[in-house]
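>>> What shape does this take:
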Amino acid sequence: MKGVGTFSVVVPVKDETALLRYSLPAIYALEPDEVILVMEPNGKSIDKAREIALECGTIEKTKIVVLFEPCDWKLRHAYARRKGFKLARNDMIFSLDIDKIVDKKVKKYFSLIGKDKVALVSFSEMPYPFSYRWFIGVLLQKLGYPFSLTGFFVFSKKAWLETEDENSVKRIYTSDDTHLVESLKKKYQVLHISEVKNINIRPRESKEYEFLIGVERRRHGTPLLKILISSLLFLRPLTIMGYLKAREILREGFE
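This next block holds a predicted model:
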């Protein structure tokens, strides 16, 4: 596509490698320079990833990175993602997870990176099947509330290296994409595009994730009232519990 330079794609792969059969073809359709899959040392999963890439006819563009080394980060997924970022040979990086099917239309917005100090462009996504929380999120955005960041975004590697403090990201255990965006926003512009139809094929949230949202919000100083309203709107009672127990958890060594 005219105006779009070479770019890398980074996908951390923790489990359910079979989802790559849905996500990889759409990724390769963007015609990236390279696709980096950062994986845990599971032989069957690695073989499956290679098989799917070969079926798509793009194995030569695929780099599989295996995480044999120990990691002292609270969120190993965040470590895996950033390892992929560091290994990318291009400044422009498109980041997404294994359970995302990307709309080819996102590529036309890649050219925004570098213009008017834009360092990151986030894209909206729809869950499949549709969920109550997604409808509430869309409604809130139409009422003027800030957009909710998704796991789809393209960004500048150079700007990321300038702004995100690695020691800080080591201490988080959820929402590592939000951490990256907030770091970039201190120096650069961040945009969100909703006119695309990316799909999340694994929209269900675990109880642990809901709980850790509350802990993370408490660590960042989010007011209790805001957490109460958000938890009620999105039906996340465990988020309130995580918020209330955050001080005890952090004191025991989570920070």
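
>>> From now on I want contacts and neighbour counts done on CA atoms only, so please keep to that.
Fine.

>>> Might one say that K61 is in contact with D33?
Yes - look at K61 against D33 with C-alpha atoms under 8 Å: they come within range, at 6.7 Å.

>>> List the contacts of Y28.
C56, T58 (C-alpha atoms under 8 Å, 6 or more residues apart in numbering).

>>> Distance of it relative to P223?
Distance of Y28 to P223, computed by C-alpha to C-alpha, to the nearest Å: 42 Å.

>>> can you tell me the helix or strand for the residue nearest the centre of the chain?
For the chain, G151 is the residue whose C-alpha lies nearest the centre (C-alpha atoms, centre = their mean; 3.2 Å). For G151, there is no host helix or strand (DSSP states H and E).

>>> mind listing what the closest residue to it other than its chain neighbours touches?
Nearest residue to G151, sequence neighbours excluded (C-alpha to C-alpha, 6 or more residues apart in numbering): L96, at 5.4 Å. Counting by C-alpha under 8 Å, 6+ apart, L96 touches V9, V10, V11, P12, G151, F152, F153.

>>> Could you dump those into a markdown table with distance to M126 added?
Output for the contacts of L96, formatted as a markdown table (distance: C-alpha to C-alpha, whole Å):
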| residue | distance to M126 |
| --- | --- |
| V9 | 20 |
| V10 | 20 |
| V11 | 19 |
| P12 | 20 |
| G151 | 11 |
| F152 | 11 |
| F153 | 15 |
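
>>> ok, how many other residues are close to D176?
Look at D176: counted by other C-alpha atoms under 10 Å, it has 20 neighbours.

>>> If I look at the closest residue to it other than its chain neighbours, what pLDDT would I see?
Once flanking residues are discounted, D176 sits nearest to A78: 5.8 Å by C-alpha to C-alpha, 6+ apart. Note for A78: predicted pLDDT of 94.

>>> Could I get the contacting residues of A78?
Going by C-alpha under 8 Å, 6+ apart, A78 touches V169, K170, D176.

>>> Surely the residue nearest to the centre of the chain and D177 touch.
Yes - if you go by C-alpha under 8 Å, G151 and D177 touch, sitting 6.8 Å apart.

>>> gap between E162 and L120?
13 Å.

>>> Of those two, which one has the most company?
Neighbours were counted for E162 and for L120 using other C-alpha under 10 Å; L120 has more, 28 against 11.
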